[in-house]
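In: coordinates for the following, if possible.
(2 chains)
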Amino acid sequence: MDLSSINPILLLASLMVAATPILLAAIGELVVERAGVLNLGVEGMMITGAVCGFMVAVSTGSPWLGFIGAAVGGAILALLFGILTQVLLSNQVATGLALTLFGLGLSALMGQNYIGMKAPSFPDWHIPLFGDIPIIGPIVFQHDPMVYVGLILVAAAWWFLHKTRAGLVLRAVGENHDAAHALGYKVVRVRILAIMFGGACAGLGGAYLSLVRVPQWTEGMTAGAGWIALAIVVFAGWKPWRLVLGAYLFGGVTVLQLNLQAAGLAIPVEYLSMSPYLATIVVLVIMSAGRAPGSLGRIFHASR
Amino acid sequence: MIQLEKRPEPSRAWAFATPLLAVLLTMLFGGMLFALLGKNPVETIRTIFLDPLFSEFAWYYRPQLLVKGAPLVLIAIGLSFGFRAGIWNIGAEGQYIVGAICGAGVGLAFYPMDLRLIFPLMVIAGAIGGTLWAMIPGLLRVKFGTNEILVSLMLVYVAEQLLASMALGTMRNPDGMGFPGSRNLAQYPSAANLELIAGSGMHWGVVAAFIAVIFAYITLSRHIFGFQVRLSGQGPRAAVFAGVNPNRMILICLGISGALAGMAGLFEVAGPAGQISIDFNVGYGFTAIIVAFLGRLHPIGILLAGGLMALTYIGGEIAQSNLGLPGAAIQLLQGMLLFFLLAVDLLTNYRIKFKTGEAV
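Out: Purely as a prediction, here's the structure:
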């Protein structure tokens, strides 16, 4: 084993990249859960986004169009969930599971002709001035644009939830849907919009995997990333800024175990590959202190 | 203006009709999907749903129905207890894998001894392995209030890695010339889960599945525990006042589903699959969730739903080889079925009213 082969600067830099897909999916789910909806279909929306993004990017040659395609694909799948849970009043846990199973099948079917292809390259930005700072530059300011899109989305979600009227309405709907309904807010409409936003974000996260991180399409490539995103929302106590912490923690474990694998640590590869999932469990156990939105997961039916 | 009015009691008639309606809708939309893929929809649907039962080669496929249906029914029966009580164990796939590893481990430890006791010991080890794996989310939920959905699911990925490590390392066949995978248990008579009647597909797993159905039926409809399970799901607070200990309920429900999933894994690995290999599991633990819901969480319903789902697996394989249907299309069809079921369930719990004139 040769631990000196691990470059700490490179490690921290790839941590940000590894955390981005989870962060993107998690910020979407956070908004959805703040609106009082538990969508367990993140994994399904992510993988559908991954395949949609890959297909669009390969056929147009533009990764940006790919990301847009992924967001649209994720949002459409999420709309299905929205109609089922909000209009047809189905159980959210069961419907979310169904969405995951459906998304896994759908993506495998859609992507079968794209296996083994290469995604168009998505170059890193070298942010002028900041990128030249020693040590910090390569860690923080020399990534591909989506890394920053993820962080901007987190900041935007925080601003929306806490500084705008619409965000207040969304939180009201999530805390107590009956009261929000009595005040005249359109509970179902707010929730469906939130669900679609969540789907679009999950789609972006998936496309980040297939276009930047891997960058290839393989069946089942999300490998639980959607579920980890769900766990990170709980870890963050439904607060956007803590989401970043959770995602980077997870990214750190992932990158570290990959580096240890490459360095030839005496622990078998399989046990190192378990570590991100085990770390997620540990984190869930330690941090289950946050308070969930009051109406989370409950079915809203306006009888009057 | 369409309005929904909540029924005071779920409609019994619709509770029976909705699964059938969901199957019909799935066939309809599945047919459209197949047409989009350039296949003849009628022929494809017929191949999937009828050929395994009535075609020229049905003698070969019918036993497969039992082989594929048994693990689904066994796992789904276990899940139905938890789902009824509002405890969401969605990591049955992991419990299935760990059960198989533990059971096979016992069998391999005795190799090449010839002893009748080995197979029963393996079944017990499988059940214990599954139970212990399910106890992880259970105990974390009880002690720390950790969400059992996420923990049980994370443990599926952990179990898959554990399986890989077993197949490539600890349990690799020493006479296998370096190929991954354990010794073939199906060729080790004391440990094999062989057909009880040749050519019938009937193995011990099928017997266990039928016993589980009967056991679950009696427990749920005749025993105080079944009443407590239903009460916990419908009114958790009422259940506490009725003397139900919620923590004990969580552990028992997870334990039952873990034990049954673990046993299902052992029966599979000692019989149809034969050996511990990287990918001996094919997602029964997840499909069983669909089976449990399609069967309305009722034992008899689960038995029928398990048969139907096994049919789509076998029919899907036939369609794959005869018509060139992509394997993923079947997975999509199964997901679609659960979607339609959840959608039409509206009719069970709500009455649809058409009102003319202005909305209130």
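In: list the contacts for the residue of the stretch 151-300 of chain A found nearest chain B?
Out: Among the residues of the stretch 151-300 of chain A, residue A:270 lies closest to chain B, at 3.7 Å counting by CB to the nearest CB. For the C-beta atoms, the positions are set from N, CA and C on the backbone; glycine is no exception. Applying CB atoms under 8 Å, 6 or more residues apart in numbering or on different chains to residue A:270 gives the contacts B:161, B:162, B:164, B:165, B:168, B:169.
In: apply 7 Å and report the result again.
Out: B:161, B:162, B:164, B:165 (CB atoms under 7 Å, 6 or more residues apart in numbering or on different chains).
In: so it, which state does it fall into?
Out: helix (DSSP: H, G, I helix; E, B strand; the rest coil).
In: ok, and the closest non-adjacent residue to it?
Out: In this structure, residue A:270 finds its nearest non-sequential neighbour in residue B:165, 3.7 Å apart by CB to CB, 6 or more residues apart in numbering or on different chains.
In: doesn't residue A:269 make contact with the one you found?
Out: No: contact between residue B:165 and residue A:269 fails when scored by CB atoms under 7 Å: they sit 8.3 Å apart.
In: neighbour-wise, which of those two wins?
Out: Of the pair residue B:165 and residue A:269, residue B:165 is the one with more neighbours under other CB atoms under 10 Å in any protein chain shown, namely 19 against 16.
In: show me where chain A dips below the pLDDT cut-off.
Out: Counting by pLDDT under 70, chain A has low-confidence residues at A:1-5, A:126, A:129, A:131, A:137, A:288-290, A:303-304.
In: for chain B, what are the nearby residues on it?
Out: By CB under 7 Å from any CB of the partner chain, the residues of chain A that approach chain B are A:40, A:84, A:88-91, A:93-95, A:97-98, A:101-102, A:104-106, A:108-109, A:112, A:223-224, A:227, A:230-231, A:234, A:268, A:270-271, A:273-274, A:277-278, A:280-281, A:284-285, A:288, A:301, A:303-304.
In: hang on, the earlier thing: and the residue nearest to residue A:270, which of the three is it?
Out: From three-state DSSP, the assignment for residue B:165 is helix.
In: please determine how far it is located from residue B:53.
Out: Taking CB to CB, to the nearest Å as the measure, residue B:165 falls 40 Å from residue B:53.
In: what about residue A:200, which helix or strand?
Out: Applying DSSP states H and E as the criterion places residue A:200 in helix A:187-208.
In: how about that helix: buried residues?
Out: A:187-188, A:190-208 (16 or more other CB atoms under 10 Å in any protein chain shown).
In: which strands and helices sit next to that helix?
Out: Applying 3 or more CB pairs under 7 Å, 6 or more residues apart in numbering or on different chains; DSSP states H and E, we find helix A:187-208 packed against helix A:8-34, helix A:42-60, helix A:63-82, helix A:165-175, helix A:177-182.
In: in PDB, list the C-alpha atoms belonging to the helix or strand just after it.
Out: Following helix A:187-208 in sequence order, the next helix or strand is helix A:225-235 (DSSP H and E). Provided in PDB are the C-alpha atoms of helix A:225-235 (Å, rounded to 0.1, in the frame of the first residue of the first chain):
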ATOM      1  CA  ALA A 225     -27.400   7.600  -5.300                       C
ATOM      2  CA  GLY A 226     -31.100   8.600  -5.200                       C
ATOM      3  CA  TRP A 227     -31.600   6.900  -1.900                       C
ATOM      4  CA  ILE A 228     -28.500   8.500  -0.400                       C
ATOM      5  CA  ALA A 229     -29.900  11.900  -1.500                       C
ATOM      6  CA  LEU A 230     -33.100  11.100   0.400                       C
ATOM      7  CA  ALA A 231     -31.000  10.200   3.500                       C
ATOM      8  CA  ILE A 232     -29.100  13.400   3.200                       C
ATOM      9  CA  VAL A 233     -32.300  15.400   3.300                       C
ATOM     10  CA  VAL A 234     -33.100  13.800   6.600                       C
ATOM     11  CA  PHE A 235     -29.500  14.400   7.800                       C
END
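In: tell me the helix or strand right after helix A:225-235.
Out: Helix A:225-235 is succeeded, C-terminally, by helix A:240-263 (DSSP H and E).
In: and that following helix, how far out from the chain's middle?
Out: 14 Å (CA atoms, centre = their mean, to the nearest Å).
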